[in-house]
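S.K.: Got a predicted structure here, sequence first:
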Amino acid sequence: MRPIQPSPPAASSAATPPSSSSSSSSSSSSPASNRNRSRRRPDLTLPLPQRDPKLAVPLPLPPTSAPSSSTSSSCFSPPLNFSQLERINRIGSGSGGTVYKVLHRPTGKLYALKVIYGYLDDSVRLQICREIEILRDVDNPNVVRCHDMNDHNGEIQVLLEYMDKGSLEGIHIPHEPSLSDLTRQILSGLYYLHKRKIVHRDIKPSNLLINAKRAVKIADFGVSRILAQTMDPCNSSVGTIAYMSPERINTDLNHGKYDGYAGDIWSLGVSILEFYLGRFPFAVGRQGDWATLMCAICMSDPPEVPQTASREFRDFIASCLQRDPAKRWTAAQLLRHPFILQYSSPSSSLASASSANNQTQVLHQTHQLLPPPRPHFSSS
């Protein structure tokens, strides 16, 4: 019988690192043996893995501002000392809180301080902090600036830009050139917010503010949206029903789908028509009960501009107040509407020179990004 010969060692064993047991036994072997074991073939290389760039996932960027320590009562280190604010008088109040006109004593600068009362659990406070972080980055001449927030003794304080001429609620503007300029400023702010994926959800005259420079700015968004959802468990909707779109009030409309951007456009159209008429444009009062307002908004035809108005203005309002949200124009498209463009000039009655330049730049950018506008006028 032939003896069984031992198998030769595998060729790849030279590239395999020795185990811990073999390395301990090699310490007692000869120097020549050690030299043989330490040899490495210089021509052996490991191939680099082939990566598909289409499947690459970028790492998330770090936050814009580092959060403060968990022991701090605020969500981030405030750049302004809230204890240096002196409350002058109350300038507004509502379900979301009370707004005060305040003076920053070291600088003499005026601000609006919104104070939110009520019990808020930690999850709600954290959500508000995150929202404020987003709003602090909002920088547009037609959006009220949110400077900072402070969480002190159970109340949340939000420091806002002060608009010295108050809101546009109750204002009657039958002069179309002035109304066009005001609408253009609101649209520019709305276009900016929508471009940043921010839906306001409560556009109405009382949330449109004006200052002594005749600059019109959108206010009261973000934090109010969170509070309306969390502080009142019976209130599942946000905003004022009088200015809500039909599909938002009645979820049976539009197959139960709600587009927040289109909802903002409906609210804008109702507000602008109210400015022109000097009254709420539906057949009922805006302070009516829920059922009456729902019937007027959801079951009747959208309100129309009187025939005495220009064809451009009538078509502009019709472009906003389409029952089908898919047919409503976007903020970017409305900035190109003839009702807006025909009065856009640096000498506009409501806009300052700097604001007019900003609006012209927005319109120029919009012209480059958008497809050709839809047909403007109906056959009437």
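M.R.: That came in fine, so what should we check first? All values reported here derive from a predicted model rather than from experimental measurement.
S.K.: buried residues in stretch 93-111?
M.R.: Within stretch 93-111, the residues that count as buried by 16 or more other C-beta atoms under 10 Å are 96, 97, 99, 100, 101, 102, 103, 104, 111. The way it works is simple: take the backbone N, C-alpha and C, and place the C-beta from them, glycine included.
S.K.: Closest one of the residues you listed to residue 290?
M.R.: residue 96 (19.3 Å; C-beta to C-beta).
S.K.: thinking again about what came up before, just send the buried residues of stretch 93-111 back as JSON lines, with secondary structure and pLDDT too.
M.R.: Formatted as JSON lines, these follow (DSSP: H, G, I helix; E, B strand; the rest coil; pLDDT from 0 to 100):
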{"residue": "96", "secondary structure": "coil", "pLDDT": "63"}
{"residue": "97", "secondary structure": "strand", "pLDDT": "76"}
{"residue": "99", "secondary structure": "strand", "pLDDT": "89"}
{"residue": "100", "secondary structure": "strand", "pLDDT": "93"}
{"residue": "101", "secondary structure": "strand", "pLDDT": "95"}
{"residue": "102", "secondary structure": "strand", "pLDDT": "96"}
{"residue": "103", "secondary structure": "strand", "pLDDT": "96"}
{"residue": "104", "secondary structure": "strand", "pLDDT": "95"}
{"residue": "111", "secondary structure": "strand", "pLDDT": "95"}
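S.K.: I'd like the residues you listed as CSV, with distance to residue 81 appended.
M.R.: Converted to CSV, those look like this (distance: C-beta to C-beta, whole Å):
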residue, distance to residue 81
96, 24
97, 21
99, 20
100, 17
101, 18
102, 12
103, 13
104, 9
111, 12
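S.K.: so what strands line up beside the lengthiest strand in the chain?
M.R.: Using DSSP state E, we find that the single longest strand of the chain is strand 85-94. Here strand 85-94 is paired, per DSSP bridges, with strand 97-104 (antiparallel).
S.K.: got the CA coordinates for the strand it pairs with in PDB?
M.R.: Extracted in PDB, the C-alpha atoms of strand 97-104 (Å, rounded to 0.1, in the frame of the first residue of the first chain):
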ATOM      1  CA  GLY A  97     -50.500  84.700  23.000                       C
ATOM      2  CA  THR A  98     -50.000  88.400  23.600                       C
ATOM      3  CA  VAL A  99     -47.700  90.800  21.600                       C
ATOM      4  CA  TYR A 100     -46.000  93.700  23.300                       C
ATOM      5  CA  LYS A 101     -44.000  96.700  21.900                       C
ATOM      6  CA  VAL A 102     -40.700  96.500  23.700                       C
ATOM      7  CA  LEU A 103     -37.600  98.600  23.900                       C
ATOM      8  CA  HIS A 104     -34.100  97.200  24.100                       C
END
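S.K.: Go ahead and name everything in contact with that strand.
M.R.: Outside strand 97-104, the residues within contact range by C-beta atoms under 8 Å, 6 or more residues apart in numbering are 80, 84-93, 109-117, 156, 160, 162, 227.
S.K.: Show me which positions of the longest strand of the chain end up buried.
M.R.: Here strand 85-94 shows 85, 91, 92 as buried, counting by 16+ other C-beta under 10 Å.
S.K.: ok, the first one to residue 152 distance?
M.R.: Looking back up the chat, that one is residue 85. Residue 85 sits at a distance of 11 Å from residue 152 (criterion: C-beta to C-beta, to the nearest Å).
S.K.: With the second one instead?
M.R.: The spacing between residue 91 and residue 152, counted by C-beta to C-beta, is 20 Å.
S.K.: And residue 179, how close does it get to residue 243?
M.R.: 17 Å.
S.K.: Show me which of the two is the more surrounded one.
M.R.: residue 243 (26 against 22; other C-beta atoms under 10 Å).
S.K.: dump the residue contacts of the more buried one.
M.R.: By C-beta under 8 Å, 6+ apart, the neighbours of residue 243 are 202, 203, 204, 266, 267, 270, 271, 286.
S.K.: Now distance to residue 133 too, for the residues you listed, in a markdown table please.
M.R.: Below are the contacts of residue 243 laid out as a markdown table (distance: C-beta to C-beta, whole Å):
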| residue | distance to residue 133 |
| --- | --- |
| 202 | 20 |
| 203 | 23 |
| 204 | 26 |
| 266 | 29 |
| 267 | 26 |
| 270 | 31 |
| 271 | 29 |
| 286 | 34 |
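S.K.: Please spell out the ChimeraX selection for the buried subset of those.
M.R.: The following ChimeraX line selects those of those that are buried, judged by 16+ other C-beta under 10 Å:
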select :202,203,204,266,267,270,271,286
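S.K.: now, which of the contacts of residue 243 sits nearest residue 323?
M.R.: residue 266 (9.2 Å).
S.K.: What's the per-residue pLDDT of the closest one here?
M.R.: On pLDDT, residue 266 comes in at 97.
S.K.: what's around the residue nearest to it when sequence neighbours are not counted, how many residues?
M.R.: Leaving aside its chain neighbours, residue 266 sits nearest to residue 245 (3.7 Å; criterion: C-beta to C-beta, 6 or more residues apart in numbering). For residue 245, the count of nearby residues is 29 (other C-beta under 10 Å).
S.K.: Now do residue 245 against residue 185, distance only.
M.R.: Counting by C-beta to C-beta - residue 245 and residue 185 are separated by 22 Å.
S.K.: just the strands in the stretch 151-300 of the chain please.
M.R.: Ranges of strands within the stretch 151-300 of the chain are 155-161, 208-210, 216-218, based on DSSP state E, counting those that start in this stretch.
S.K.: will you turn the ones you listed into JSON lines that also has mean pLDDT?
M.R.: Converted to JSON lines, the strands of the stretch 151-300 of the chain look like this (pLDDT from 0 to 100):
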{"stretch": "strand 155-161", "mean pLDDT": "87"}
{"stretch": "strand 208-210", "mean pLDDT": "95"}
{"stretch": "strand 216-218", "mean pLDDT": "96"}
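S.K.: out of these, nearest to residue 299?
M.R.: strand 208-210 (27.6 Å).
S.K.: show me what contacts residue 266?
M.R.: 243, 244, 245, 246, 320, 321, 325, 328.
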